[in-house]
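1. Following is a predicted model, sequence given first.
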Amino acid sequence: MAKILVICGATASGKTSLSVACAKAFNGEIISADSLLVYKGLNIGTAKPTVEERAGIPHHMIDVVEANKCFSVSDYKNMALPILEELLAKGKTPIICGGTGFYINSLLYKSQFGNVGASAEVREKYEKIAETEGKERVYAILCEKDPESAKKLHYNDLKRVIRALEIYDVTGKAKSLQQDEPIPRFDFAAVSIDYPRDKLYNRINLRVDQMFEQGLIEEVQGLLNVGITEEMQCMQGIGYKEIAEGLRLGMTKEEMKEIVKNNTRKYAKRQQTFFKRMQNHTYLTPDEATVEKVCELLK
RNA sequence: GGCGCUAUAGCCAAGUGGUAAGGCCAAGGUCUGCAAAACCUUUAUCCCCCGGUUCAAAUCCGGGUGGCGCCU
């Protein structure tokens, strides 16, 4: 029997309720794998499970960072992995539940991320070069230093090109030489709830409407009031960046709503693409999203 | 009724004689320290209709139709 259950999938597909039901049935605890649920103060727009929804089940990796802080996959892995291992040691079933595939993979696979953190100096240096001489120039530099990594990147993908350069400059070793093989470190079974695209989009539209009714605009305003700025990482979340900008530009509630809906739809699509490649993964129809069905898969 | 302007992909839109920019949306994809991020690919056999000029028209001319504006 698989020791770990992964519940992934697009936003608004019903992960939360399935995860709680499974936790109850399998003596489990939930480890959230969501890049925005980690932030304190971002509740409505992230559809953070409420106390009632959590139904007494411990939820880890939620509200673990202040809203004005940066947070990366590496931070996530460093915090979540020990929790996961401890649960296993206690004989509990860890249930990794969330929509950030990158975070899920950081737990499932051995990943050192080049063994280097972010270097503001290095990043600024290359960002400046990109501005003055163009992205192509930065890419050309990577081609010289780490041709293997360069081959896998597009010259426009500045963020990743700079990251590869950062690893090389700081460690003196090419990123391509430090990348771990994607071998799972745990025995796991993954599921996601698969809605037809149009149905999922309807659910998203509905959910965004609810978020606005619940006071999403007020939540964003509140964050801005306590000094959270538009540039901060947590404000890049969908529902937050649009409203912060909308407020600044004097947009109407309806206009903001439409933009949030659209961006959420596009996000869901990207998530679906990502999870298509998840290993040990089974699609459940909405009707199959039950404890019984998941139980079969864990065998 | 008269005059003027306009008509290009689902939407916005460039192009004013040489064989359809770009953006949005949509679809597909990538993904090892910002991942709700960043990035890539695809998407008009054809420019409202009819006729004319020309080697060649979305581009010029005439007519028709729709839209917008002004006038009576």
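-> Alright, I've got the coordinates.

2. what's around residue A:147, how many residues?
-> Burial of residue A:147 is recorded as 11 neighbouring residues (other Cβ atoms under 10 Å). To be clear about C-beta, it is placed using only N, CA and C from the backbone, and glycine gets the same treatment.

3. How much space separates it from residue A:237?
-> 36 Å (Cβ to Cβ, to the nearest Å).

4. what does residue A:210 give?
-> Distance of residue A:210 to residue A:237, computed by Cβ to Cβ: 17 Å.

5. Show me which of those two is the more surrounded one.
-> residue A:237 (19 against 12).

6. what about the residue nearest to the more buried one when sequence neighbours are not counted, which helix or strand?
-> Closest residue to residue A:237 apart from its sequence neighbours, by Cβ to Cβ, 6 or more residues apart in numbering: residue A:36 at 4.6 Å. For residue A:36, there is no enclosing helix or strand under DSSP states H and E.

7. Pull the contacting residues for residue A:36.
-> Applying Cβ atoms under 8 Å, 6 or more residues apart in numbering to residue A:36 gives the contacts A:42, A:45-46, A:234, A:237.

8. 10 Å instead, please
-> By Cβ atoms under 10 Å, 6 or more residues apart in numbering, the contact set of residue A:36 is A:42, A:45-48, A:62, A:71, A:98-100, A:233-234, A:236-240.

9. Of those, which ones also sit close to RNA strand B?
-> When the contacts of residue A:36 are checked against RNA strand B using Cβ under 7 Å from any atom of the strand, the ones in range are A:45-47, A:71, A:99-100, A:233, A:236-239.

10. circling back: now intersect the contacts of residue A:36 with the strands, please.
-> In strands, judged by DSSP state E, none of those are found.

11. near RNA strand B, which residues of the stretch 1-150 of chain A show up?
-> Within the stretch 1-150 of chain A, the positions lying close to RNA strand B (Cβ under 7 Å from any atom of the strand) are A:11, A:34-37, A:45-47, A:70-75, A:99-103, A:105, A:109, A:111-118, A:123.
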